[in-house]
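Asks: Give me coordinates for this.
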Amino acid sequence: MEPHWKELIPGDQYIVWIEGPLNVDDSKVLTLLYQPLIGPICVSLYMTLLNQIGKSRLQSEPASHYYIMNLLDLNLAEIYNARKKLEAIGLLESFVKKNNDSRSFLYILKPPLSPRQFFTDGLLNIYLYQKIGHDYYQRLKHDFADEAINTDGFEKITQPFQQVFGSTHSFPYEALNAEDDAKALPGKMEAKPVTVAPDFFDFDLFMAGLDEAVVPKTAITKKVKEVILKLAFLYGIDAIQMKNIVMGSLNVDNEVDMETLRKRARDWYKIEHYNSLPKLIDRTQSPIYESDTDVPKTKEDRLVRYLETVSPRQVLTDLSDGSEPAESDLRLIEEIMINQKLNSGVVNVLIQYCMLRTDMKLSKAFVEKIASHWARKKIKTVKEAMALAKDEHRKYIEWQQNKKNKPTSKRKAVRTEKVPDWLENRNDGQEKQNEKVDIELKKSLEERLKKYRK
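Replies: You can find the predicted model right below:
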């Protein structure tokens with residue numbers, strides 16, 4: 001992943017373009033349906049770009065990214081990250097033109113999906129449901145729903161055009177050019193659903209596995225392929241598993257029933273993942289909080305990069321030699337991420353610190369205590385978390401040492417802490433006095449993480 005300053009600098013110019021005006025409900029859709037998924041910064045960026053276009057115009061005047069940084073009071077990394085989210089969710093298309101040492105950007109705003117499109121999307125609505133819960137989801141669905149107009153008992157009396165308007169047949173038609181007239185006039189924008197790139201799904205393997213006698217190739221239409229891609233991405237279904245799901249979704253006409261296909265994919269996921277649904281969470285540390293080091297040079301740099309680029313689930317798995325994490329551990333970490341609003345990379349440091357302080361167990365009380373402390377300290381990056389963990393560990397060792405040296409007739413044994421190398425802070429050149437390190441634990445940790453430190 002390239003650092004943001006390689007992709008965008010404040011002096012780069014941009015122009016905003018739009019295909020037509022938004023309708024009156026679009027801002028409501030953005031606020032209530034999209035904002036829970038992408039966050040308020042993304043919505044603010046979208047509306048700020050939109051409002052730079054003058055009334056009855058299709059494009060804005062050129063401006064530099066300094067301008068939008070000042071308008072939103074955000075740094076460039078935050079704007080770049082928000083732009084990527086808008087692109088991914090289908091609200092923005094970005095283009096760049098390079099001229100020698102300068103760059104200019106074209107930002108094309110796309111309308112949000114209509115409420116009907118959103119709630120039947122099959123991807124965004126599932127994420128929204130998991131994000132806000134059943135009750136609020138149903139409330140939103142009710143707020144956007146309208147009952148169909150009942151015209152029973154009414155007689156249609158609408159007049160057709162030709163009965164009201166006449167034609168003189170005497171105007172200079174040759175002076176009008178419909179194509180020229182339409183070139184610069186705004187039209188109504190059409191919202192397009194989020195698309196998933198097919199790179200990750202092996203369609204060749206999927207098609208090869210279908211039994212022609214059971215599922216005719218003609219049943220796999222373009223629309224069916226789009227739905228298959230969404231479901232495969234959403235639920236993590238591979239080509240072989242998807243083949244079985246599709247084969248069970250045919251109707252009597254040998255066509256794939258979309259609702260049955262979605263339901264069978266949901267059922268498969270619930271069985272595989274203990275009756276839960278996928279959540280829209282950043283799988284790794286947000287790019288705006290990543291370190292700017294291109295190529296990690298030291299062991300600690302490599303560990304920082306590892307903690308920035310993997311999910312908390314993966315850290316738990318690696319610390320367990322590849323075993324699936326316990327459901328209770330996953331729930332605890334999920335609660336920490338939600339309640340304390342800690343970034344994924346910070347949570348990864350928290351997991352390592354807590355597990356290696358408590359004999360490779362996640363103590364709920366200890367984890368919550370440390371997490372709330374880090375949240376109050378506003379820890380955002382992996383390096384900040386590691387620095388604070390080192391400081392806390394140093395204070396703990398000093399407290400242990402003072403307790404050990406206190407005169408007493410009956411001295412209790414002081415437990416030796418088992419900690420990773422980075423927590424020992426061995427690179428600062430300071431001699432650690434009276435510390436015993438469990439060599440076997442160090443070797444074990446090195447083995448678990450060695451593939452990420454190469």
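Asks: so how many other residues sit close to Pro10?
Replies: Residues near Pro10, counting by other CB atoms under 10 Å, number 15. C-beta here means a position set from N, CA and C on the backbone, and glycine is covered the same way.
Asks: Next: Lys243.
Replies: Neighbours of Lys243 under the rule other CB under 10 Å: 19.
Asks: And for the one 4 residues further on?
Replies: A count of neighbours around Met247, defined by other CB under 10 Å, yields 15.
Asks: show me the contacts for it.
Replies: Neighbour list for Met247: Leu210, Asp211, Val214, Val215 [criterion: CB atoms under 8 Å, 6 or more residues apart in numbering].
Asks: part of a helix, is the second one?
Replies: No. Per DSSP: H, G, I helix; E, B strand; the rest coil, Asp211 lies outside any helix segment and is coil.
Asks: Which residue ranges make up the domains of the protein?
Replies: Per automatic domain parsing, the structural domains of the chain span 4-113, 198-272, 287-452.
Asks: Could you give the separation of the second one from the chain centroid?
Replies: When distances are taken as CA atoms, centre = their mean, to the nearest Å, domain 198-272 is centred 24 Å away from the chain's centroid.
Asks: about what we covered before: go through the contacts of Met247 and name the one nearest Ala385.
Replies: Leu210 (48.4 Å; CB to CB).
Asks: excluding its backbone neighbours, what's nearest the closest one?
Replies: Lys243 (6.0 Å; CB to CB, 6 or more residues apart in numbering).
Asks: do the same with Asp25
Replies: Per CB to CB, 6+ apart, closest to Asp25 is Pro115, 7.2 Å.
Asks: Likewise for Leu362?
Replies: Asp329 (5.1 Å).
Asks: Quick check: pLDDT value at the one you found.
Replies: For Asp329, the pLDDT comes out at 85.
Asks: And the lowest mean pLDDT element among the helices and strands of this protein?
Replies: Using mean pLDDT, DSSP states H and E, helix 178-183 stands out as the lowest-scoring helix or strand of the chain, at a mean of 52.
Asks: Looking at this structure, which helix is longest?
Replies: helix 382-405 (DSSP state H).
Asks: what sits up against the helix or strand hosting Leu71?
Replies: Secondary structure from DSSP states H and E places Leu71 in helix 65-72. When contacts are defined by CB under 8 Å, 6+ apart, helix 65-72 is touched by residues 8-12, 14, 41, 44-45, 48-49, 75-76, 79.
Asks: Go again with 7 Å.
Replies: For helix 65-72, contacts defined as CB atoms under 7 Å, 6 or more residues apart in numbering pick out Leu8, Pro10, Gly11, Asp12, Tyr14, Ser44, Leu45, Thr48, Asn75, Leu76, Ile79.
Asks: who wins for neighbours among the residues you listed?
Replies: That'd be Leu45 among the contacts of helix 65-72, by other CB under 10 Å, with 25 neighbours.
Asks: quick one: Ser249 from Asp257, how far?
Replies: To Asp257, Ser249 is 5 Å away according to CB to CB, to the nearest Å.
Asks: okay, these two: which has more neighbours?
Replies: Ser249 (22 against 16).
Asks: quick one: that one and Arg262 touch, right?
Replies: No. Judged on CB atoms under 7 Å, Ser249 makes no contact with Arg262 at a distance of 8.7 Å.
Asks: okay, and for the stretch 51-200 of the chain, where does confidence drop off?
Replies: By pLDDT under 70, the weakly predicted segments of the stretch 51-200 of the chain are 56, 147-148, 166-190, 192-197.
Asks: can you give me the strands in it?
Replies: Along the stretch 51-200 of the chain, the stretches classed as strands by DSSP state E, counting those that start in this stretch are 63-64, 92-99, 102-109.
Asks: Within its sheet, name the partner strands of the last one and how each one runs.
Replies: This means strand 102-109. Partners of strand 102-109 in the sheet, by DSSP bridges, are strand 13-18 (parallel), strand 92-99 (antiparallel).
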